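1. how does the following fold in three dimensions:
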Amino acid sequence: MKYPYAPGINHIEFWVKDLAESTAFYRELFPLIGWHALNDTSFSCGQHEIYFKQMPVAFCDSLGVRHICFHATSREVVDQVGEWLRRQNADIIRGPQEMPRYDASYYTVDFRDPNGFVLEVAHTPKTKL
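-> Sure thing, here's the model as predicted:
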(Lines give C-alpha, C1' and ligand atoms only; values in the text may rest on other atoms or scores of the structure.)
Protein backbone atom coordinates (compact mmCIF):
# COMPACT_ATOMS: atom_id res chain seq x y z
CA MET A 1 0.00 0.00 0.00
CA LYS A 2 1.39 3.39 -0.98
CA TYR A 3 0.82 6.26 1.46
CA PRO A 4 0.06 9.79 0.23
CA TYR A 5 2.69 11.44 2.46
CA ALA A 6 6.40 10.98 3.04
CA PRO A 7 7.67 10.33 6.58
CA GLY A 8 7.46 13.42 8.71
CA ILE A 9 5.15 15.21 11.11
CA ASN A 10 1.48 14.29 10.82
CA HIS A 11 0.16 16.93 13.18
CA ILE A 12 1.09 19.27 16.01
CA GLU A 13 -1.33 19.92 18.86
CA PHE A 14 -1.10 23.21 20.73
CA TRP A 15 -2.66 23.61 24.15
CA VAL A 16 -3.69 27.24 24.50
CA LYS A 17 -5.17 29.43 27.21
CA ASP A 18 -7.65 31.24 24.91
CA LEU A 19 -8.85 29.29 21.86
CA ALA A 20 -10.60 32.25 20.19
CA GLU A 21 -7.55 34.51 20.54
CA SER A 22 -5.18 31.84 19.24
CA THR A 23 -7.26 30.80 16.25
CA ALA A 24 -7.85 34.46 15.29
CA PHE A 25 -4.05 35.02 15.30
CA TYR A 26 -3.32 31.93 13.18
CA ARG A 27 -6.27 32.51 10.84
CA GLU A 28 -4.46 35.67 9.69
CA LEU A 29 -0.86 34.40 9.88
CA PHE A 30 -1.24 31.07 8.08
CA PRO A 31 -2.56 32.35 4.71
CA LEU A 32 0.54 34.57 4.52
CA ILE A 33 2.75 31.43 4.50
CA GLY A 34 0.55 29.16 2.38
CA TRP A 35 -1.48 27.35 5.07
CA HIS A 36 -5.28 27.09 5.06
CA ALA A 37 -8.03 26.41 7.59
CA LEU A 38 -9.39 22.87 7.77
CA ASN A 39 -12.03 23.89 10.30
CA ASP A 40 -12.39 26.36 13.19
CA THR A 41 -9.41 24.98 15.14
CA SER A 42 -7.22 23.14 12.57
CA PHE A 43 -4.93 24.34 9.80
CA SER A 44 -2.88 22.58 7.10
CA CYS A 45 -0.28 23.20 4.42
CA GLY A 46 -1.36 20.07 2.57
CA GLN A 47 1.30 17.92 4.23
CA HIS A 48 0.96 18.68 7.95
CA GLU A 49 -1.76 19.75 10.34
CA ILE A 50 -1.69 22.04 13.36
CA TYR A 51 -4.66 22.20 15.68
CA PHE A 52 -5.47 24.02 18.89
CA LYS A 53 -7.24 22.98 22.11
CA GLN A 54 -8.10 25.24 24.99
CA MET A 55 -6.81 23.79 28.24
CA PRO A 56 -7.07 25.02 31.84
CA VAL A 57 -3.77 26.57 32.91
CA ALA A 58 -3.65 24.30 35.98
CA PHE A 59 -3.78 21.27 33.66
CA CYS A 60 -0.80 22.34 31.53
CA ASP A 61 2.08 20.77 33.41
CA SER A 62 4.43 19.95 30.55
CA LEU A 63 6.93 21.88 28.50
CA GLY A 64 6.60 21.98 24.72
CA VAL A 65 8.96 22.49 21.85
CA ARG A 66 11.31 25.50 21.83
CA HIS A 67 9.86 26.81 18.58
CA ILE A 68 8.40 25.82 15.24
CA CYS A 69 9.86 27.20 12.02
CA PHE A 70 7.59 27.47 8.99
CA HIS A 71 9.02 27.51 5.45
CA ALA A 72 8.55 30.74 3.52
CA THR A 73 8.65 30.45 -0.25
CA SER A 74 10.43 33.81 -0.63
CA ARG A 75 11.99 36.68 1.30
CA GLU A 76 8.88 38.68 0.41
CA VAL A 77 6.75 36.26 2.43
CA VAL A 78 9.00 36.81 5.46
CA ASP A 79 8.67 40.57 4.97
CA GLN A 80 4.86 40.29 4.68
CA VAL A 81 4.74 38.33 7.93
CA GLY A 82 6.96 40.93 9.61
CA GLU A 83 4.67 43.74 8.44
CA TRP A 84 1.58 41.84 9.61
CA LEU A 85 3.17 41.20 13.01
CA ARG A 86 3.94 44.90 13.44
CA ARG A 87 0.31 45.78 12.63
CA GLN A 88 -0.77 43.22 15.26
CA ASN A 89 1.62 44.71 17.82
CA ALA A 90 2.95 41.18 18.17
CA ASP A 91 5.97 40.29 20.26
CA ILE A 92 8.70 40.19 17.57
CA ILE A 93 11.91 38.60 18.83
CA ARG A 94 14.03 39.43 15.78
CA GLY A 95 13.69 40.26 12.13
CA PRO A 96 12.89 40.18 9.45
CA GLN A 97 16.61 39.82 8.99
CA GLU A 98 19.36 37.79 7.40
CA MET A 99 21.08 35.17 9.53
CA PRO A 100 24.44 34.54 7.83
CA ARG A 101 25.73 32.53 10.80
CA TYR A 102 23.19 29.83 9.81
CA ASP A 103 23.45 30.18 6.04
CA ALA A 104 24.13 33.08 3.65
CA SER A 105 20.59 32.79 2.25
CA TYR A 106 18.78 32.38 5.60
CA TYR A 107 16.15 35.14 6.06
CA THR A 108 13.88 35.02 9.08
CA VAL A 109 11.44 36.60 11.48
CA ASP A 110 10.97 35.15 14.99
CA PHE A 111 8.02 36.06 17.22
CA ARG A 112 5.64 34.90 19.94
CA ASP A 113 2.00 34.01 19.42
CA PRO A 114 -0.68 35.11 21.94
CA ASN A 115 0.26 32.20 24.25
CA GLY A 116 3.96 32.98 24.22
CA PHE A 117 4.87 30.12 21.83
CA VAL A 118 7.98 31.02 19.84
CA LEU A 119 7.46 30.78 16.09
CA GLU A 120 9.72 31.46 13.13
CA VAL A 121 9.02 32.03 9.44
CA ALA A 122 12.17 31.61 7.39
CA HIS A 123 13.19 31.57 3.74
CA THR A 124 16.09 29.13 3.48
CA PRO A 125 16.60 28.31 -0.22
CA LYS A 126 20.08 26.84 0.21
CA THR A 127 19.47 24.88 3.39
CA LYS A 128 19.33 21.11 2.90
CA LEU A 129 16.80 19.23 4.99
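
2. C-alpha from now on. contacts and neighbour counts both.
-> Noted.

3. residue 26: neighbouring residues, count only.
-> By the measure other Cα atoms under 10 Å, the count of residues near residue 26 is 20.

4. so it sits in a helix?
-> Yes. Per DSSP: H, G, I helix; E, B strand; the rest coil, residue 26 lies within a helix segment.

5. and it, what does it touch?
-> Going by Cα atoms under 8 Å, 6 or more residues apart in numbering, residue 26 touches no other residue.

6. need the residues that contact the lowest-mean-pLDDT helix or strand in the chain.
-> In the chain, no helix or strand scores lower on mean pLDDT, DSSP states H and E than strand 11-16, which sits at a mean of 85. With contacts defined as Cα under 8 Å, 6+ apart, strand 11-16 is touched by 22, 48-55, 60, 115.

7. what pairs with that strand, parallel or antiparallel?
-> Here strand 11-16 has these sheet partners by DSSP bridges: strand 49-54 (parallel).

8. list the buried ones in the strand it pairs with?
-> Neighbour counts using 16 or more other Cα atoms under 10 Å place 49-53 of strand 49-54 among the buried residues.

9. model confidence over that strand, on average?
-> On average, the pLDDT along strand 49-54 is 88.

10. quick one: the buried residues of strand 49-54 as TSV, columns for distance to residue 123 too.
-> Shown next, in TSV, are the buried residues of strand 49-54 (distance: Cα to Cα, whole Å):
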residue	distance to residue 123
49	20
50	20
51	23
52	25
53	29
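
11. how near is the residue nearest to residue 75 when sequence neighbours are not counted to residue 25?
-> Ranked by Cα to Cα, 6 or more residues apart in numbering and with sequence neighbours excluded, the top spatial neighbour of residue 75 is residue 123, at 5.8 Å. As for residue 123, its distance to residue 25 is 21 Å (criterion: Cα to Cα, to the nearest Å).

12. same deal with residue 91?
-> Taking Cα to Cα, one finds residue 91 at 12 Å from residue 25.

13. same check, this time on residue 12
-> 17 Å.

14. what does residue 14 give?
-> 13 Å.

15. do the same with residue 105
-> 28 Å.
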